[in-house]
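Visitor: with the sequence up front, the predicted model follows.
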Amino acid sequence: MEKYFIYTYGCQMNVHETEKLAGILEDRGYMQASTPTDADVIVFNTCCIRESAEQKIIGNIGSIKPLKKAKKDLIVAVCGCMAQQKDMVDTLRKKFPFINIVFGANNIEFFGEYLDAYKSQKKFLNKVEQDKDYIENISGVSCVRDNSLYAYVNIMYGCNNFCTYCIVPYVRGREKSRTPESIYAEVKTLIKLGYKVITLLGQNVNSYGLDGNTNGVNFAKLLDNIAKFDGDFELRFMTSHPKDLSDEVIDVLASNPKISKTLHLPVQAGSNKILKEMNRSYTREKYLDLISRIREKIPEITLSTDIIVGFPGESDADYLETVDLIETVRYHNAFIFMYSKRKGTIAEKMENQVPLSIKRERIHKLLDIQHHISEELFNKMVGSTIRVLVDEECENEYTAKAQCGKVAKIKKTEPLSVGEFYNIKITDYKKGNLIGTITND
């Protein structure tokens, strides 16, 4: 039996698309290889959101050159966001002539056909398609999911926001919503199969339905309908854009016990000047007002965010406004990155690019500030009761996942079932993990 190996880079969207690539391959009789050395087909499912990710991918593709030389029949395919970039196919072909197939994020569902065609013709295939509407086709592709308890469900693809630093709209195309009926059917199937945490995915889930493809069902209604399905499951979603997070969505989140009380709400910067340059379509004041409304309705909410430091033109004063915003909001988690030029974006050509040394200094300070905030907030959870999903049994303890994203450790004092929800009382917080005991509270 032939084997495959898939390298996956980037966001949850890419992880889920790798599950679909694996489904396509296994439908054709392949089985997963434990290492690239054992594979007959190697796929690089790529990301281009940051330069560091792209450089890592380039290095990993190059590292299999000796393997390709030793295994003449090895098929190497590159797909995903990086492949969608302008002129990237030519760049990859010039740098790595041993690549056999290149296809984009817009036509992943046809990978099986491309593989068959290459095997038949033994000729390089360039199958990158721009802005094709394959949305329901890819939704119907079978998946080999990475986990038996946690499942991703795409509700939409693409992005209309055109933040000046971001390449996503150029490689993923415009927003396209799946029909609610197809989403409901997929989620119900996952619940029947025993999946416990279902995460709805989109570059901006809050704009679901604005393309007119959902018979008037917006994101709030979609969430509310799914939360009413029978079964013991937890519903999550990502990512939310602050400009589109409505009071209706907040009310649905507050009123449905099956929807996780955790929210990822990228702010990117705390300075109005920088937010405007980024084309984020909200101000610092509007963002903070949104946070206040969320916390008023959902006091127990766990908040996380994304932040970019060193955006072109960011002064010391702009940076300090971001510091102040972090200290004001007090996120449980923050994903902080240095600004990275992306070819084809507006910010790439902006003047006043911030020197790398300053970006490094700022990111280290910001990471340190956020680390202390996170430690304080998670230590404050000691004594509280939270709901967790037990997902692994170890020798002396169970591990579980909390809604806040943290791992919880539960000492073995009584038998628990993997794949079931339990209430635990937090007794300690050590080395980034919550420590708890089973409680009936």
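Guide: Done, it's in.
Visitor: gap between stretch 20-39 and the chain center?
Guide: Remark: stretch 20-39 is offset 23 Å from the chain centroid, using CA atoms, centre = their mean, to the nearest Å.
Visitor: from here on, count from 49
Guide: I'll keep to 49 as the first residue from here, and by that count the last item is stretch 68-87.
Visitor: for it, give the mean pLDDT please.
Guide: The predicted model gives stretch 68-87 an average pLDDT of 96.
Visitor: check which residues of it are buried.
Guide: Buried residues in stretch 68-87, counted by 16 or more other CB atoms under 10 Å: 68-73, 78, 81, 84, 87. C-betas here are computed from N, CA, C, even on glycine.
Visitor: quick one: contacts of it?
Guide: Stretch 68-87 has contacts (CB atoms under 8 Å, 6 or more residues apart in numbering) with 49-55, 88-91, 93, 112, 115, 122, 127, 156-157, 159-160, 163-164, 186, 189-192.
Visitor: strands along the stretch 349-489 of the chain, start to end?
Guide: 350-357, 381-386, 433-441, 445-450, 455-459, 469-478, 481-486 (DSSP state E, counting those that start in this stretch).
Visitor: if we compare the ones you listed, which one ends up closest to Ser230?
Guide: strand 433-441 (26.2 Å; CB to CB).
Visitor: from the contacts of stretch 68-87, which land in strands?
Guide: 51-55, 89-91, 93, 127 (DSSP state E).
Visitor: where does this structure dip in pLDDT?
Guide: Where the chain drops to pLDDT under 70, the residues are 178-188, 489.
Visitor: need phi/psi at Tyr335.
Guide: Backbone dihedrals for Tyr335, given as degrees, to the nearest 10, come out at phi -60, psi -50.
Visitor: show the buried residues in the contacts of stretch 68-87.
Guide: 51-55, 88-91, 93, 112, 122, 127, 156-157, 159-160, 163, 186, 189, 191-192.
Visitor: got the end-to-end distance for stretch 462-481?
Guide: Taking CA to CA, to the nearest Å, the first and last residues of stretch 462-481 lie 20 Å apart.
Visitor: what's the answer for stretch 236-252, then?
Guide: 23 Å.
Visitor: and that stretch, how far from the chain's centre?
Guide: 14 Å.
Visitor: buried set for it?
Guide: Using 16+ other CB under 10 Å as the test for burial, stretch 236-252 gives 238-239, 243-252.
Visitor: which of these lies closest to Asn427?
Guide: Looking across the buried residues of stretch 236-252 and measuring by CB to CB, the closest to Asn427 is Val245, at 25.1 Å.
Visitor: hmm, back to that, would you turn the ones in strands among the contacts of stretch 68-87 into TSV with distance to Lys170?
Guide: Below are these laid out as TSV (distance: CB to CB, whole Å):
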residue	distance to Lys170
Lys51	20
Tyr52	19
Phe53	21
Ile54	22
Tyr55	23
Val89	14
Ile90	17
Val91	18
Asn93	23
Cys127	19
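Visitor: between these, which is closest to Phe383?
Guide: Asn93 (20.5 Å).
Visitor: from Ala131, how far out is Cys95?
Guide: Going from Cys95 to Ala131 by CB to CB, to the nearest Å gives 11 Å.
Visitor: which one of those two has more residues nearby?
Guide: More crowded of Cys95 and Ala131, by other CB atoms under 10 Å: Ala131, with 25 against 21.
Visitor: right, and Arg193 touches Thr66 too?
Guide: No - at 10.1 Å, Arg193 does not count as touching Thr66 under the criterion of CB atoms under 8 Å.
Visitor: which of those two has more neighbours?
Guide: Ranked by neighbour count (other CB under 10 Å), Arg193 and Thr66 place Thr66 first, with 23 against 18.
Visitor: name the element the more buried one belongs to?
Guide: helix 60-75 (DSSP states H and E).
Visitor: return the distance of that helix from the chain's centre.
Guide: On CA atoms, centre = their mean, the centre of helix 60-75 falls 14 Å from that of its chain.
Visitor: likewise for stretch 216-234?
Guide: 15 Å.
Visitor: list the buried ones in it?
Guide: 216-221, 223-228, 230-231, 234.
Visitor: of these, which is the nearest to Leu313?
Guide: Nearest to Leu313 among the buried residues of stretch 216-234, with distances taken as CB to CB, is Val216, at 17.3 Å.
Visitor: what's the closest non-adjacent residue to that closest one?
Guide: Cys207 (5.0 Å; CB to CB, 6 or more residues apart in numbering).
Visitor: what is the burial count for the closest residue to Ile307 other than its chain neighbours?
Guide: What sits nearest to Ile307 in space, not counting adjacent residues and going by CB to CB, 6+ apart, is Leu283, at 4.8 Å. For Leu283, the neighbour count with other CB under 10 Å is 19.
Visitor: gap between Leu283 and Glu468?
Guide: From Leu283 to Glu468 the distance is 17 Å (CB to CB).
Visitor: with Met286 instead?
Guide: To Glu468, Met286 is 24 Å away according to CB to CB.
Visitor: and what of Ala302?
Guide: Taking CB to CB, one finds Ala302 at 25 Å from Glu468.
Visitor: and for Ile355?
Guide: Ile355 is 36 Å from Glu468, by CB to CB.
Visitor: those two - which one has more neighbours?
Guide: Neighbour totals were compared for Ile355 and Glu468, and Ile355 leads with 21 against 14 (other CB under 10 Å).
Visitor: grab the nearest non-local neighbour of the more buried one.
Guide: Leaving aside its sequence neighbours, Ile355 sits nearest to Ile384 (CB to CB, 6+ apart; 4.7 Å).
Visitor: mind telling me what element Glu296 is part of?
Guide: helix 295-303.
Visitor: so which bits of the next helix or strand after that helix are buried?
Guide: Once the chain leaves helix 295-303, the next helix or strand it forms, by DSSP H and E, is strand 310-312. Using 16+ other CB under 10 Å as the burial criterion, the residues of strand 310-312 that qualify are 310-312.
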